[in-house]
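Student: Kindly generate the corresponding structure for this input.
(one chain, ligands or ions: 1)
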Amino acid sequence: MANLTPMIKQYLEIKEEYKDSILLFRLGDFYETFFDDAQKVSEILQIVLTKRNGHPMAGIPYHALNNYLKKLLDSGCKVAICEQVEDPQTAKGIVDRKVTRVLTPGTIVDDNMIDDFNRFSTLITKSEKGYILAVFDFSTGEFYLDTFDFNENELLDFINSFGFVQILLSKNVESLYKQIKNMLPDLYVEVLDDWYFSNNFLEHLKDIYKVFSLDYVDYNNEELKVADAVLKYLELTQFSKIRHMKIPKRFKTREYMLLDSNTIENLGILPTSTTRGKTLYDILKFTRTSMGHRKLRDFIISPLLDKNIIEQRFDYVEALKEDHLLMEELKEYFSHIKDLERISSRISLRKATPRDLIALKDSLEIVPYIIESVKTNLGISSFFDKIDPLGEVKEIIEKTICEEPSIEVGSGEVIKEGVSNELDEYRNILKNIDNILEEIEKREKELTKINSLKVSRNKVYGFYIEIPKTQIAKVPAYYTRKQTLVNTERFTIEELRQIEQKLSLAEDRIKAIEKELFDKIILELEKYVTEIKQLSDRLAELDVFRSFAEASVKYNYIRPKMIEKSRNTKIINGRHPVVERFVSNFIPNDLIFDEDRFYIILTGPNMSGKSTYVRQIGIISIMAQIGCFVPAEVAELPVYDGIFTRIGARDDIVTGKSTFLVEMLEMSTIINRATEHSLVLLDEVGRGTSTLDGISVAWAISEYLFQVKKCNTIFATHYTELTYMSYIYNEVIAKRIKVKETMEGVIFLHKIEDGTSDNSYGIEIAKLAGFPVEIVDRAREVLEQLSDRVDLENKLKKVKNIKKKSYKVQENQLKMF
Ligand SMILES: Nc1ncnc2c1ncn2[C@@H]1O[C@H](COP(=O)(O)OP(=O)(O)OP(=O)(O)O)[C@@H](O)[C@H]1O
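Tutor: Just a heads-up that it's a prediction; the model follows:
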C-alpha cells in the first residue's frame, strides 16, 4: 500500500468490510468506485472507466444516484453507500467516511425503485422437517414463515413461480445457489453466515416485537430462528432497528390456495413482460391507489378457501355495484390517497421525507369522507368499524410541517412557523438579509458618493462591497480590500463581517433545530405505524372491491353461488374474461360437473378454442374465490382447495430437461398434490413423445386422477382415442368443439358439444397460416396414403377393448398443502 494516497487507503479499509458489495464512495458531488468495482460498474451502467494514479475508477453524480442504483440492483448487485460523515470544510486531513446504507433488491423502500409486482424476498434453510421458508416484503412489512415438505424440484419450482426479488440461503442449503442462478441468472442470491441463526434469537425477537413472550405464536424454535435471521439481516442493511415488520404468519393456515408457478403462468392471471395488458390482473385493474394495485395482485394469487369470507367479499362487491353514486365518489377520493403503507414503513425506518408526511396528511384528510360515504350504504356500512381514521396523526403533521416543504430537512423550509421560537428568529434573520443588505448599500452610496457601489454575496467570499476601479479614489479608509477583479475591487466592512457571522450561525442553528424537530415528529408518528398500516390495508381492500364492482358492471359479470365440499359445478354461458376483450364475437360455453361425472375429455381441431375453454374454467374459479364476480350467466362453483394446470409444451434447456420430461415432472407434482376438492386442467398432456406412448401415459394418468384423486378435470387433447374412456368409465364425459366444413374451408364455431372430434384439420391450419399451395396439397396426398395404410378401424377396436382398471383408493393420500 506504500504508494497509495491516504484517501485510497481509507477506501480500501472500508472496502475490506464490504467485499461482497459494490462500494459507492462519496467524493464531493460524486460517488466513486475503484478497482474491480469500477470495472463492473462501468460495464453495468455503461459509464466511462477512467484512471487515477493508475487505478481504474468510475463515478456517478450524487444527484442521479437513484437511477443508477436501480440498474445496479436489477443486475443482481449488492451496493454499500459510503458517505462523508463530517463537514469537508472543518475536517482536519481526510474527511471521515462511513457506510450508512447497504442495499439489495429486497431491502429498498424508495417508491421509485420498487416494482409493485415482484417485491418479496425469501430466506431458505433446511431443518429435519423440511425446508423452512421466510417470505417477506421489506417495503410493506408483510412476513410469512413456514416449513414445507418440498423435494428439491418442488422448491425450485416454487422459487421460479413466486417471482422473488432476492433469495437468501443458509449455509446448509448453499448448494441451491448454482441451481437458482442457472434458472434465474439476474436474481440476487446471497448465502448467509451461520451467526445469523444464533441462539439469542428469542431475546432479539422479543425486543423487536416488544413482547414478553413468543409462546402464543405457533412456531417451533427452528422456524423462529429463521424469522430472527431475516430481521438481523434487515437491521444490518439498514443500520437501524427494524420495527415495521409484522409478526410472521403461516402460509399454510389454509386461508388461501397456493397457486403454483405453472398455474399462474398458464392461466395468464398476472402480467409478465410479454403478457402485460392481456391478463386477468389487467382486466380487473380499476384500482386507483398504489396500495390497491398491490392488493389486487395479492388477491389474485391468493384465492380464498373459506366460503364465508368469499361470500363477505361478494356482499361488498354487490353493495358497491348497485350504488353508482358511491362508486363514483370513491373513485374520486381514491385518486387523492397516497401510498400510506410504504410511507408508514419509511416512518418506522426513520427514512420518511417531509413530503411523505404531507402526503400522509393529505390522504388522512380524505379518509373521513371515504368513511362517511361508505356508511351511507347498508351493505358495506360497517367496513371501517374498528379502524382509526387517525385524526391525531393528521393534526400532528398539520401543526408542524409546511404545506409545501423542501425535500431537505435543515433547509429551514420544512417546519412550520410557530413551532419553535428560536427557529423562527433565525429564519427571520435569513429572510431579512436582503433588506439589510439593501439598507447598507443605500447608506454607503450616500456616504461615499459612489453611485455604482453594490453590496452582494457569493458562496466562496461571503458578503462584499463591489466598487468599479474607476471609483477607487473615493473608497473610505475603513473599507478592507477582499478581492481584486478585472474591472472591480471587492471590499468589506466590520458591519458586514458581523452580519456574516450571525448568518452562518443562523444557518447552522436552523439546520440543527429543524433536524431535531423533524426527528421528534417522526418519533411521535412512529407510535401510529400499526394503525396507519391497518387503515391503509382496509383502504386497499376497498379499492379492490370497488375495482371488482366496476369490472362487473362494465363487463357484465355475475355473483356466483359457491358450494363447499362438492364436485357439482354449473357454468352457463361462461366466458374467458381476457379473450372476450380481444375478439369481436366471443362464443360463451357451459360446463356441468356432478358427483358422478366430473372428468371431461375435450377434443377439437387446432385453433378451435380448446385452450381458451380450459383456461376460462380455471380463471372463472379463481375470480370467484378471490371474491370477484364472474363472466357467465349462471355460475355454481365448488370452493376448490387447489387449481393445477399442465398446459402447453415447453422445455428447460438450462437444466437439460426435455419437453416430455418437464411435462411428466409437472404431471407427477399434480398427481401428488391434487385432492378430491381440486380442479385439474390439462392441455395436450403426452404430446412430447410418440403417439402411442403419449396416449398410453395420458390414459393411465386419467384413470388415476378420476378414480383415486376424484378431482374435477378438463383434459383437452388431440388424441381422440382418449374419449373412448367415456364408454368404459361413468366418470368420463366426452366433449368436442364444433366446426363447420364449407367449400372454402373450415369455420371454427368455438361451441362445445357432446362427442368426439373426428378430424384435426391440421392441414387446414397450415393453409390458414399462408403455406404455399404445393405444400398444402402434398400434405393432403401424404395424409390420404397414410390413412390407407393404417387400419384405423382395427386401432379403434383395440382402444375400446382396453381392460378396465380399478384402483384401490387408500386413505391418507399424500397431501402437500
Ligand atoms: N369461445 C370463443 N369465442 C370466440 N373466439 C374464440 C373462442 N375460443 C377461442 N377463440 C379464438 O380462437 C383462437 C384459438 O383458440 P385456442 O388457442 O383456445 O385453440 P386450441 O383449440 O387450443 O388450438 P391448438 O390446439 O392449436 O392449441 C383464440 O386465440 C381466440 O381468438
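Student: Mark out where each domain of this protein begins and ends.
Tutor: 6-103, 113-238, 285-390+528-555, 421-522, 561-761 (automatic domain parsing).
Student: so which helix or strand takes in the closest residue to Leu378 other than its chain neighbours?
Tutor: Spatial nearest neighbour of Leu378, excluding adjacent residues (CB to CB, 6 or more residues apart in numbering): Ala319 at 7.5 Å. Any C-beta I mention is one placed from the backbone N, CA and C, and that applies to glycine too. Remark: Ala319 resides in helix 307-321, with elements defined by DSSP states H and E.
Student: Could you pull out the buried residues of that helix?
Tutor: Ile310, Arg313, Phe314, Tyr316, Val317, Glu318, Ala319, Leu320, Lys321 (16 or more other CB atoms under 10 Å).
Student: Can you tell me which residues in this structure are near the ligand?
Tutor: 579, 583, 586-587, 604, 606-612, 750 (CB under 6 Å from any ligand atom).
Student: ok, now with 5 Å
Tutor: Val583, Phe586, Ile587, Asn606, Met607, Ser608, Gly609, Lys610, Ser611, Thr612, His750 (CB under 5 Å from any ligand atom).
Student: can you list the domains of the chain in JSON lines and add mean pLDDT?
Tutor: Shown next, in JSON lines, are the domains of the chain (pLDDT from 0 to 100):
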{"stretch": "domain 6-103", "mean pLDDT": "89"}
{"stretch": "domain 113-238", "mean pLDDT": "88"}
{"stretch": "domain 285-390+528-555", "mean pLDDT": "95"}
{"stretch": "domain 421-522", "mean pLDDT": "91"}
{"stretch": "domain 561-761", "mean pLDDT": "86"}
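Student: Between the ones you listed, which one is closest to Ile396.
Tutor: domain 421-522 (6.6 Å; CB to CB).
Student: May I have the distance across the closest one, first residue to last?
Tutor: 20 Å (CA to CA, to the nearest Å).
Student: Over to stretch 159-178?
Tutor: 13 Å.
Student: gap between it and the chain center?
Tutor: On the basis of CA atoms, centre = their mean, to the nearest Å, stretch 159-178 is displaced by 18 Å from the centre of the chain it belongs to.
Student: Out of the domains of the chain, flag the one nearest Thr400.
Tutor: domain 421-522 (5.5 Å).
Student: Off-centre distance for the next helix-or-strand element following the helix holding Ala319?
Tutor: Once helix 307-321 ends, the next helix or strand along the chain (criterion: DSSP H and E) is helix 324-334. How far helix 324-334 lies from its chain's middle: 26 Å, per CA atoms, centre = their mean.
Student: can I get the domains of the chain in TSV with distance to Glu265?
Tutor: Below are the domains of the chain laid out as TSV (distance: least, CB to CB, whole Å):
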stretch	distance to Glu265
domain 6-103	21
domain 113-238	8
domain 285-390+528-555	11
domain 421-522	42
domain 561-761	9
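Student: circling back to that earlier point, so how far is the ligand from the residue nearest to Leu378?
Tutor: To the ligand, Ala319 is 32 Å away according to CB to the nearest ligand atom, to the nearest Å.
Student: Contact partners for the residue in the stretch 401-550 of the chain that the ligand sits nearest to?
Tutor: Closest approach of the stretch 401-550 of the chain to the ligand (CB to the nearest ligand atom) occurs at Phe548, with a separation of 23.2 Å. Going by CB atoms under 8 Å, 6 or more residues apart in numbering, Phe548 touches Leu284, Arg313, Val317, Leu320, Gly627, Cys628, Phe629.
Student: Identify each of the strands in the stretch 651-800 of the chain and give its residue range.
Tutor: 678-683, 712-717, 732-742, 745-754 (DSSP state E, counting those that start in this stretch).
Student: Pick the most deeply packed of these.
Tutor: Greatest average neighbour count among these goes to strand 712-717 (a mean of 26), per mean count of other CB atoms under 10 Å.
Student: list the helices and strands the longest helix along the chain packs on?
Tutor: Identified as the longest helix of the chain according to DSSP state H is helix 494-526. Packing partners of helix 494-526 (3 or more CB pairs under 8 Å, 6 or more residues apart in numbering; DSSP states H and E): helix 340-348, helix 354-375, helix 391-400, helix 421-448, strand 462-468.
Student: Could I have the PyMOL command that selects the buried members from the residues of the chain next to the ligand?
Tutor: Only the buried entries of those go into this PyMOL selection, using 16+ other CB under 10 Å:
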select buried, resi 586+587+607+608+609+610+611+612+750
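Student: possible to save the residues of the chain next to the ligand as CSV with secondary structure and distance to Glu438?
Tutor: Listed next are the residues of the chain next to the ligand as CSV, based on DSSP: H, G, I helix; E, B strand; the rest coil; distance: CB to CB, whole Å:
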residue, secondary structure, distance to Glu438
Val583, coil, 73
Phe586, coil, 75
Ile587, coil, 81
Asn606, coil, 85
Met607, coil, 82
Ser608, coil, 85
Gly609, coil, 81
Lys610, helix, 83
Ser611, helix, 78
Thr612, helix, 77
His750, strand, 82
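Student: Out of the residues of the chain next to the ligand, which comes closest to Leu326?
Tutor: Once CB to CB is applied, the member of these that ends up nearest Leu326 is Phe586, at 30.4 Å.
Student: Without its sequence neighbours, what residue ends up closest to that closest one?
Tutor: Spatial nearest neighbour of Phe586, chain neighbours left out: Glu580 (3.9 Å); criterion: CB to CB, 6+ apart.
Student: next helix or strand past the helix or strand containing that neighbour?
Tutor: Assigned by DSSP H and E, Glu580 belongs to helix 579-582. Using DSSP H and E, the helix or strand that follows helix 579-582 in sequence is strand 589-593.
Student: neighbouring strands for that following strand, and are they parallel or not?
Tutor: Applying DSSP bridges, strand 589-593 is found paired with strand 569-574 (antiparallel).
Student: hang on, the earlier thing: just the angle between the longest helix of the chain and strand 462-468, please?
Tutor: 140 degrees (axes from the mean of the first three to the mean of the last three CA atoms, to 10 degrees).
Student: mind checking how far the helix holding Glu580 is from the chain centre?
Tutor: That offset, for helix 579-582, works out to 26 Å (CA atoms, centre = their mean).
Student: ok, and for that helix, which residues are buried?
Tutor: Val579, Glu580.
Student: Check which residues of stretch 230-240 are buried.
Tutor: Val230, Leu231, Lys232, Tyr233, Leu234, Thr237, Gln238.
Student: Turn the residues you listed into a markdown table, including distance to Lys740 and secondary structure.
Tutor: Shown next, in a markdown table, are those (distance: CB to CB, whole Å; DSSP: H, G, I helix; E, B strand; the rest coil):
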| residue | distance to Lys740 | secondary structure |
| --- | --- | --- |
| Val230 | 60 | helix |
| Leu231 | 64 | helix |
| Lys232 | 67 | helix |
| Tyr233 | 63 | helix |
| Leu234 | 62 | helix |
| Thr237 | 64 | helix |
| Gln238 | 65 | helix |
